[in-house]
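Student: sequence and computational prediction follow.
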Amino acid sequence: MTDDKPLKSAFDLAMDRLKARDLAEGVEETKPLSKAQKDKIAKLRTETQAKLAELEILHRKNVAGTSDPAALAKIEENYAIDRGRAESRRESEIAKIHAGKD
């Protein structure tokens, strides 16, 4: 053991193994995000947060305006669908930015 290399920590060894596994599986190494990409992601998150707040306000208004259990269930279902769409859109747009497609 006359190597001049310093000993690696357990963390470094684990990271080396993960990189080797990713390389064997064909996973590409991700590049750091540029300032423009970070700004786009921040803008997307802000827009989505505003949309979710708008949906919440409308949902509360609709819930307060009904006493029918069937109508209330439909309102809850629509609200969950709308939230899911907004969040899904945000995540897919962020994934595009990470992939460099936007």
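Tutor: Structure's in. What do you need?

Student: roughly how far out does the helix or strand of the chain with the lowest mean pLDDT sit from the chain middle?
Tutor: Least confident helix or strand of the chain, by mean pLDDT, DSSP states H and E, is helix 10-25 with a mean of 88. With CA atoms, centre = their mean, to the nearest Å as the basis, helix 10-25 stands 24 Å off its chain's centre.

Student: same thing with stretch 75-90?
Tutor: The chain centre lies 15 Å from the centre of stretch 75-90; the measure is CA atoms, centre = their mean.

Student: can you report how many residues lie near Glu93?
Tutor: For Glu93, the count of nearby residues is 19 (other CB atoms under 10 Å). C-beta here means a position set from N, CA and C on the backbone, and glycine is covered the same way.

Student: any idea which residue is closest to the centre of the chain?
Tutor: Nearest to the centroid of the C-alpha atoms of the chain, with distances taken as CA atoms, centre = their mean, sits Glu91, at 4.4 Å.

Student: just checking, what packs against the following helix or strand past the least confident helix or strand of the chain?
Tutor: Towards the C-terminus, the helix or strand next in line after helix 10-25, according to DSSP states H and E, is helix 35-64. Under the contact definition 3 or more CB pairs under 8 Å, 6 or more residues apart in numbering; DSSP states H and E, helix 35-64 sits against helix 69-99.

Student: tell me the angle the helix it packs on makes with helix 35-64.
Tutor: 180 degrees (axes from the mean of the first three to the mean of the last three CA atoms, to 10 degrees).

Student: and helix 69-99, what's buried?
Tutor: Ile75, Tyr79, Asp82, Ala86, Arg90, Glu93, Ile94, Ile97 (16 or more other CB atoms under 10 Å).

Student: turn the residues you listed into TSV, columns for distance to Lys43 and pLDDT.
Tutor: Below are the buried residues of helix 69-99 laid out as TSV (distance: CB to CB, whole Å; pLDDT from 0 to 100):
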residue	distance to Lys43	pLDDT
Ile75	30	95
Tyr79	25	96
Asp82	21	97
Ala86	15	97
Arg90	11	96
Glu93	10	95
Ile94	11	92
Ile97	10	90
